[in-house]
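Visitor: Could you work out the structure for the sequence below:
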Amino acid sequence: MSAGSGASSTNGDWRQRFRSIWHVDFEFREDANHLPIPVCMYAREEHSGASVSLWRDELLRLTHGPFDTGPDSVMVAFASNAELACFLALGWPFPTNVLDPYVENIVTMKRSARGGLDCSTRLSCTIYQRGHKSIRTECAT
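Guide: Numbers count the residues shown, from 1 in each chain. Predicted coordinates:
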């Protein structure tokens, strides 16, 4: 998401801005050049509870992500650089909006250390509790 979008604001419920919120996790190996070789992907949509679980052979048949990645949706992924590297390896276009709780946590912790934000209002805590925590157990290799 762009820095000026206001989507990471803790004032109000940012989730209402998006039609779909997809929590996504890939499992992958690395090739000799340390590039990802996707093994499987699990995604869960926060509002509906719909989920997608795909193995490598299924991923390779797709030309784009198996969930909405347009402007009305957001992909949530902890340390999203790994998930986005899998998008690249698969030749998929990037999602329009990406929220990374890892990055959000770093920014919030720096602000908190300077007295700017109370850690209890961290967006990353909300996202982790609402979605990401369950992803790790769904797609283990």
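Visitor: any idea how far residue 37 is from residue 51?
Guide: 23 Å (C-beta to C-beta, to the nearest Å). To be clear about C-beta, it is placed using only N, CA and C from the backbone, and glycine gets the same treatment.
Visitor: which of those two has more neighbours?
Guide: residue 51 (15 against 11; other C-beta atoms under 10 Å).
Visitor: Give me the nearest residue to the more buried one, chain neighbours excluded.
Guide: residue 44 (4.6 Å; C-beta to C-beta, 6 or more residues apart in numbering).
Visitor: Where does the one you found sit: helix, strand or coil?
Guide: Put simply, residue 44 is strand when judged by DSSP: H, G, I helix; E, B strand; the rest coil.
Visitor: Make sure it is actually in contact with residue 23.
Guide: Yes. If you go by C-beta atoms under 8 Å, residue 44 and residue 23 touch, sitting 5.1 Å apart.
Visitor: Let me see the confidence value for residue 132.
Guide: We have a pLDDT of 44 for residue 132.
Visitor: Please apply the same query to residue 114.
Guide: Reported pLDDT for residue 114: 63.
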